[in-house]
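> Turn this into a structure:
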Amino acid sequence: MTKATSSPKTGTWDLKLYIAGYTPRAVKALENLKQLCEEHLHGVYSIEVVDLLRNPRLARGDQIVAVPTLVRKLPVPVRKIIGDLSNRERVLVGLDLRPR
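This next block holds a predicted model:
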C-alpha cells in the first residue's frame, strides 16, 4: 500500500485498486495509477491494492465484477474505473480530475 500525507486544503484521495494476482495487466494498472497520482494528487492520496486471489470476499463490498478495477472511495461520490488505466484522459475524467 502506498500512502501519502494529506493536505488540509484538499483532503485525502482514498483509492483502492482491485486485482487478481500480480499479472502484467495488474502491474501496469498500478504503475499507471501511481504515475497519475504523483502528477495530479501529489501528497494527498493513498492507494490500497486488494488482491482478490488472496481474499475474494473483499470483492463483494465494492461490487467488483472485473479486474483490475479502481475504486475512488474519497472524495465522494464513489467512482469506479475498470482496466489497466492506460487511457489517461478517461481516468482523469473518471476520477473528476478533469472536466468531461
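> what are the ranges of the helices in the protein?
24-40, 58-61, 88-94 (DSSP state H).
> just the CA coordinates of the last one, formatted as CSV?
It refers to helix 88-94. Presented in CSV, the C-alpha positions along helix 88-94 are these (Å, rounded to 0.1, in the frame of the first residue of the first chain):
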residue,chain,number,x,y,z
ARG,A,88,-5.1,8.8,-19.1
GLU,A,89,-7.8,11.1,-20.3
ARG,A,90,-10.5,8.6,-19.4
VAL,A,91,-9.0,8.1,-16.0
LEU,A,92,-8.7,11.8,-15.3
VAL,A,93,-12.3,12.4,-16.3
GLY,A,94,-13.5,9.3,-14.4
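> which residues sit against it?
The contact list for helix 88-94 (CB atoms under 8 Å, 6 or more residues apart in numbering) reads 32, 36, 40, 70, 79, 81, 85, 98-100. Every C-beta, even on glycine, is put in place using the N, C-alpha and C of the backbone.
> Which parts of this structure are strands?
Along the chain, counting by DSSP state E, strands occupy 2-3, 13-19, 45-51, 69-74, 79-82.
> Paired strands for the second one, with orientation please.
Meaning strand 13-19. strand 45-51 (parallel), strand 69-74 (antiparallel) (DSSP bridges).
> closest one to residue 63 among the ones you listed?
strand 69-74 (9.3 Å; CB to CB).
> Go through that closest one and flag the buried ones.
69-73 (16 or more other CB atoms under 10 Å).
> Please produce TSV containing these, extended by distance to residue 27 and pLDDT.
As requested, these are exported to TSV (distance: CB to CB, whole Å; pLDDT from 0 to 100):
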residue	distance to residue 27	pLDDT
69	15	97
70	14	98
71	18	97
72	20	97
73	22	96
